[in-house]
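Peer 1: Give me a model of this one.
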Amino acid sequence: MTHRRNNTTPRTSRRHGRRDSGVAMMLVMIALTIGTILAMSFLTAQSTTIGITQNLQKQPTARMIAETALAAGVQAVLADTNWRTNHASGAWVTNQSFGGGTYTLSGQDGVYSAASNSVVGDGSLSNNPTDPLTLTATGTYSGTTYTVRAAVTTSSIETPTPGGLNANDSITLGTSTYVDAFDSGVGAYGGSNIILNRAMVNTNSTGSAKIALSGSAKINGNANAGPGGSTSTVISVGGSASITGTKSVLASAVVMNLPTAPTGMPSSSGALNVSTGTVTISSNAHYSSISVTGTGILNITSNAVVLVDGNVAVNGSGQITLGAVGACKLYVNGGGVTVSGTGQVAVSTGDPTRFQIFLLTASQNIALDTSARVYAKLLAPGGSVTLTNSAQVYGTVICKQFSADSTTATHIDIGSGNPGSTPTDFGNKTLYTTKTKSVSSKQVATQLTLATGGTLQSITGYFKGAASKSIRFAIYTDSAGSPGTLLAQSAVTTLGTGTVHWVTIAMPATTLTAGTYWLAFSTNASNTYYYNNGSASGKTRYRNNAAVTAGFLSTWGTSDTSLTRTFNIYAAVVSGGASTGITPPTLPIYSYDSTWGENP
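Peer 2: Below you'll find the model as predicted:
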């Protein structure tokens, strides 16, 4: 008998077991694959997050570097009145290390154009004082860059007041000629009304040696080259000549349009000749010429306007005088004006604003010779003004060319206004009679109040001492009723003359808000006197420090002497900007286009 084993059922069970195992393996593989993908995705995301985080950390730093560089560029322009000539259009700073990165700063003539991605201009910063400047700063930090731009445009410039000594072309001062200043608002020139370092001498030209001093010529004040010019080229000082103030560049040209003849004038009365006695003009008059010679006097009253077709001559001891009130305008059409001998024009008034001489054509000239004296505003924009021998003019001058030699003098009336804003003085201008010395190698300050803020221009004090001795000024903040922190100090200058007089020194442009300040001086001579009110009122402090040589102390500290008094010193402050015709720019940021760049 034969027996067979039935294996059907077991075979089926084994096949099912193998199938289940394969499915499980597949599920495991799928799970592993998904896990791997998720892990890789996580790592990739983590890497991206790290990169983003790093970029977010780098971007603010790059931006900070760029904006700091831009701010530095803006401040450099504000602090430098000659920025147009001291900087060329193009790169100003390249790859300068800062804040762990670098920055590049450029200043270009023109305005940025997004369409061309460039600055569009004529490529020169110095050829036009109104051209805009584009500052571009790029900060770089760890491969990330940030670029920002700002536009610098010159603020609107007020038409210059025709004051000072101004020439469209050349100013030549030779031998012992002298230029200083006075204030007709105070009175006639002389005595305490002689103001040093405040005269303004301007040329519109940018040519070589257009303001030229030789021999022992001296400008007690400032000299300015034409817009866009270079002081080193335009202003030439030779021999023992000197300029006590600053050398700068005008922001805008002094306006020198030819005047026009007055209308409605009467018919000509022919030639007027006065050789003896007095002839009075009390209403508008018209002459073919005027000659005042010998001891003759021509007296003009009642705001008369006088038109002359030919020459005006004042010779010998002749005089043109004015009435007690009123002013005169003299228009000369075709001829010239000469004053010679001991001739005088409006001298008795002591006020140049009351007499104006207008030359109407380009070929007319004004000549002062010998011991001539003229108190007037001289306007000859197309011609020349010449001073020879010992002639003197008191007032303001507008001309094409000016020349003076021998022992001539030009006394600028600052009361008539200089080109630019008119300063406001704060301090003690009323003269005191008590004089004090023995302040050598000391800082001496008095407390004063500024009513309206502005920009500090100069400090003036009233002193008597040896002409060769030195002096300098400073201004301090007020700290609980005592001098505090030094704000600015002047250069050192000499007293200039041994007689008592006002001494003015230009100060660094310093913004002052309304409030209390201390004006200070220091001298190196024990016999230099300052003038004060005795012990009537006020606060004056001494500090032992030779500031003439060592500079003023940065903080005043504890005073060595405290006095109840004040003294003759004042500061000139210009509201809203600098004076002397140099206008700082306004700085609107016209684009803040945050241009980014990163390394891959």
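
Peer 1: show me where the stretch 51-200 of the chain has strands.
Peer 2: Secondary structure of the stretch 51-200 of the chain, counting by DSSP state E, counting those that start in this stretch: strands at 90-98, 101-109, 111-113, 118-120, 133-141, 144-152, 165-173, 178-182, 199-203.

Peer 1: and the very next helix or strand once past the last one, which strands flank it?
Peer 2: Right, the one you point to is strand 199-203. The element immediately downstream of strand 199-203 (helix or strand, assigned by DSSP states H and E) is strand 211-213. Strand pairing for strand 211-213, using DSSP bridges, gives strand 165-173 (parallel), strand 235-237 (parallel).

Peer 1: Tabulate those strands (JSON lines), appending mean pLDDT, mean neighbour count and distance to Ser438.
Peer 2: Every residue, glycine included, has its C-beta placed from N, CA and C. Below are the strands paired with strand 211-213 laid out as JSON lines (pLDDT from 0 to 100; neighbours: other C-beta atoms under 10 Å; distance: least, C-beta to C-beta, whole Å):
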{"stretch": "strand 165-173", "mean pLDDT": "96", "mean neighbour count": "25", "distance to Ser438": "38"}
{"stretch": "strand 235-237", "mean pLDDT": "96", "mean neighbour count": "19", "distance to Ser438": "36"}
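
Peer 1: looking at those strands, which is closest to Asn284?
Peer 2: Closest approach to Asn284 among those is made by strand 165-173 (28.3 Å; C-beta to C-beta).

Peer 1: relative orientation of the closest one and strand 199-203 in degrees?
Peer 2: Angle, strand 165-173 to strand 199-203, by axes from the mean of the first three to the mean of the last three C-alpha atoms, to 10 degrees: 90 degrees.

Peer 1: what about dumping the CA coordinates of strand 165-173 to PDB?
Peer 2: Once non-C-alpha atoms are left out, strand 165-173 reads as follows in PDB (Å, rounded to 0.1, in the frame of the first residue of the first chain):
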ATOM      1  CA  LEU A 165      35.900 147.300  -2.200                       C
ATOM      2  CA  ASN A 166      34.700 145.400  -5.200                       C
ATOM      3  CA  ALA A 167      36.100 145.000  -8.700                       C
ATOM      4  CA  ASN A 168      34.900 143.000 -11.700                       C
ATOM      5  CA  ASP A 169      38.500 142.500 -12.800                       C
ATOM      6  CA  SER A 170      41.600 143.600 -10.900                       C
ATOM      7  CA  ILE A 171      42.500 145.200  -7.500                       C
ATOM      8  CA  THR A 172      46.100 146.400  -7.200                       C
ATOM      9  CA  LEU A 173      47.500 147.700  -4.000                       C
END
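
Peer 1: what residues does that strand touch?
Peer 2: 179, 199-205, 207, 210-214, 217, 219, 241, 254, 256, 381, 396-405, 410, 412, 419 (C-beta atoms under 8 Å, 6 or more residues apart in numbering).

Peer 1: Give me the PyMOL select line for those, limited to the buried ones.
Peer 2: To isolate the buried subset of the contacts of strand 165-173 in PyMOL, counting by 16 or more other C-beta atoms under 10 Å, use the following:
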select buried, resi 179+199+200+201+202+203+204+205+210+211+212+213+214+217+219+241+254+256+381+396+397+398+399+400+401+402+403+404+405+410+412+419
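
Peer 1: tell me which residues form a beta bridge with Leu448?
Peer 2: With DSSP bridges as the rule, Leu448 is bridged to Tyr517.

Peer 1: which intervals of the stretch 451-600 of the chain have sub-threshold pLDDT?
Peer 2: The model of the stretch 451-600 of the chain has pLDDT under 70 over residues 575-600.

Peer 1: mind listing the helices for it?
Peer 2: Shown for the stretch 451-600 of the chain, the helices assigned by DSSP state H, counting those that start in this stretch span residues 547-550.
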